[in-house]
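Engineer: Here you go, sequence then predicted model.
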Amino acid sequence: MISKEVPEKADVVIIGCGVVGCAIARELSRYRLKVVAIDKEPDVGWGVTKGNMGVIHPFVPHKGKYKEWMCLEGNKEFEKLAKELDIPFKRPGLLIVALSFVQFLALIFAYLYLRLVKKINAKWIWKKKLLEMEPKLNRKAKAAIYVPTAGVTDPVKYAIALAENAAENGVIFLLNTQVVGFEIENNEIKAVVTDKGRIETKFVINAAGVYSDKIEELAGIRKRKMWHGKGVMVVFDQGLQNYYNHLIAPMPLRVDPRTKGGAISISPDGIPIWGPNLVEAKGKEDTEVDSSDINMIIKKFHELLPDFPVNAVMKYYAGVRPVNEDTWDFVLGPTEVKGFINAAYILSPGLTASYIIAKKIVEILQSEGLELVGKDDFKEVRKAIKGLSNMSIDEIDNAIRENPRYGKVVCLCNNVSEAEIREAIRRGAKTIDSIKFRTNACMGRCQGSRCLPEIIRILSEELKIPVDKVTMKGAGSEIFR
């Protein structure tokens, strides 16, 4: 999937390989084009995407030029996309719950707004039915709005799947590669300059996440002010899998224009995730988590599930959102430099809207003069790594017969075999984190304390490097130093 050679020319260069950049790459791979996707990280999906909770939103409460309709369309399309790419995806639905009388009154207005104004398939749920749907919910609950289209996915696995499918259809991925400038003549893009070489091109897509403002600056694009909003997510122990069945949020009495307010969520396999909050980050790479963030999230949502064992925290993480302070909306479209097109400042619900953004960017490219000729041999289906955790006993038996390494379980917490780890490496994983995001190894209850040595050994063998050269997430993060 990953190229070591920088091509001399490309029809389109995409800067940034998060879900948006990878979705654009996949959509462009439908056409007879030479497409190059660049990212400074050692793997795809390691920027804004990695710090996402994975919710496929059914709607957003605020209007905007792009966010509102792209969220709705993206939600509709995601199930088909998930099947094509073979990624985890479920629709548990969202419950917006009123615990007090004041919240109940607000819930009525919210229900009418969703049904009559937003045209959302929302359902009114009275207390008796609500407690049947969620038996462990606070008994103070009076009613709820149920929105069945809310979904959950794994954002990094989604980015990986998009990239693998795009690569199979001819897109070149250059990772560990920094864009350092552009060649611009007569206010038109002529080339992208990287720390590994120059790529001649007429079209550049800026999908660089929190660095999209810096990419604009390199091209001399008018200055926008980016606000960095940090959101923290708390993941609870695997033993609480399927403790509840839906996404659950309290009915807000005041909608903060900067956030949808977060929710009690779940991973596609039912592990509880709560959050996010929203605080101002200290910078683009500020993903530190403070105890006050965790306490605030737990305090906010514990009232909904008062018996939930909130001390059973397995891990926590944070992501930084790139926000255009002027509009709090996506920045999409051509700029004053011909050929430089923004898919930038993608805040929530960017994950949900990602493929609709990709389609919009392709339309913009065409309107800007890029000739699009479809491929007859485009492959729209990509298969995930076959994992033990998704197999029946008979399927496991057959898998071991075909490949005995399926019989050696490396990660006991998540039931990950040696065969899966080696396949992940063959697909492009070169670090411990790349293995984690592709296979779920090191992401269970022990957080890698048992399986890490074996994974290091396998990486060393497959990459043909000494064990002291194996890294957690690229150069500078060697395990043995």
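Structural biologist: Great, that's in hand.
Engineer: So the residue lying closest to Glu462 once chain neighbours are set aside versus Ser434, what's the distance?
Structural biologist: Using CB to CB, 6 or more residues apart in numbering and skipping residues adjacent in sequence, the residue nearest Glu462 is Ile425, 4.3 Å away. Quick note: C-beta positions are derived from backbone N, CA and C, even for glycine. Applying CB to CB, to the nearest Å, the value for Ile425 to Ser434 is 8 Å.
Engineer: Ser292 too?
Structural biologist: For Ser292, the distance to Ser434 (CB to CB) stands at 32 Å.
Engineer: Next: Gly275.
Structural biologist: Counting by CB to CB, the gap from Gly275 to Ser434 is 24 Å.
Engineer: again, but for Thr471
Structural biologist: Where Ser434 is concerned, Thr471 sits at a distance of 10 Å (CB to CB).
Engineer: neighbour-wise, which of these two wins?
Structural biologist: Neighbour count, other CB atoms under 10 Å: between Thr471 and Ser434, Ser434 has more, with 27 against 22.
Engineer: so what's the more buried one up against?
Structural biologist: Ser434 makes contacts with Pro42, Asp43, Ala424, Gly428, as judged by CB atoms under 8 Å, 6 or more residues apart in numbering.
Engineer: low-confidence ranges in this protein?
Structural biologist: Within the chain, the ranges that satisfy pLDDT under 70 run 1, 255-260.
Engineer: quick one: the helices in it?
Structural biologist: Ranges of helices in the chain, per DSSP state H, are 19-28, 67-85, 101-112, 127-133, 155-168, 212-218, 291-302, 350-367, 393-402, 418-426, 432-439, 452-463.
Engineer: Other residues contacting the second one?
Structural biologist: In other words, helix 67-85. With contacts defined as CB under 8 Å, 6+ apart, helix 67-85 is touched by 56-60, 62, 88-89, 91, 149, 151, 153, 158, 161-162, 165, 329-330, 349, 352-357, 360, 380-382, 384.
Engineer: Check which residues of that helix are buried.
Structural biologist: Buried residues in helix 67-85, counting neighbours by 16 or more other CB atoms under 10 Å, are found at 67-68, 70-75, 77-78, 81-82, 85.
Engineer: for the fifth one, same thing?
Structural biologist: Taking 16+ other CB under 10 Å as the basis for neighbour counts, the residues of helix 155-168 that come out buried are 155-167.
Engineer: can you give me the offset of that helix from its chain's centre?
Structural biologist: Distance, stretch centre to chain centre, for helix 155-168: 11 Å (CA atoms, centre = their mean, to the nearest Å).
Engineer: residues making contact with that helix?
Structural biologist: When contacts are defined by CB under 8 Å, 6+ apart, helix 155-168 is touched by residues 1, 17-19, 22-23, 25-26, 28-29, 35, 37, 43-46, 49-50, 52, 54, 84-88, 171, 173, 351, 354, 379-382, 384, 427-428, 437-438.
Engineer: Buried among these? Make that a PyMOL selection.
Structural biologist: Buried subset of those, written as a PyMOL selection, criterion 16+ other CB under 10 Å:
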select buried, resi 1+17+18+19+22+23+25+26+28+29+35+37+43+44+45+46+49+50+52+54+85+86+87+88+171+173+351+354+382+384+427+428+437+438
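Engineer: And the most far-flung residue of the chain relative to its centre, how far from Gly339?
Structural biologist: Computed with CA atoms, centre = their mean, the residue of the chain farthest from its C-alpha average is Asn186, at 37.2 Å. From Asn186 across to Gly339, the span is 11 Å (CB to CB).
Engineer: Could you tell me which residues make contact with Val6?
Structural biologist: For Val6, the contacting residues are Leu174, Thr177, Thr194, Lys196, Gly197, Arg198, Ile199, by CB under 8 Å, 6+ apart.
Engineer: could I get the helices of the chain as TSV with distance to Glu280?
Structural biologist: As requested, these are arranged in TSV below (distance: least, CB to CB, whole Å):
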stretch	distance to Glu280
helix 19-28	23
helix 67-85	20
helix 101-112	27
helix 127-133	36
helix 155-168	23
helix 212-218	16
helix 291-302	12
helix 350-367	19
helix 393-402	48
helix 418-426	36
helix 432-439	26
helix 452-463	34
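Engineer: now, which of the contacts of Val6 sits nearest Glu368?
Structural biologist: Of all the contacts of Val6, Glu368 sits closest to Ile199, with 18.2 Å by CB to CB.
Engineer: Look at the closest one and say how many residues are nearby.
Structural biologist: A count of nearby residues for Ile199, using other CB under 10 Å, gives 23.
Engineer: need the contact list for the nearest residue to it once chain neighbours are set aside.
Structural biologist: Leaving out its chain neighbours, the residue that sits closest to Ile199 by CB to CB, 6+ apart is Val192, at 4.8 Å. Val192 makes contact with Val13, Ile15, Ile38, Val179, Phe182, Glu183, Arg198, Ile199, Thr201, Val204, according to CB under 8 Å, 6+ apart.
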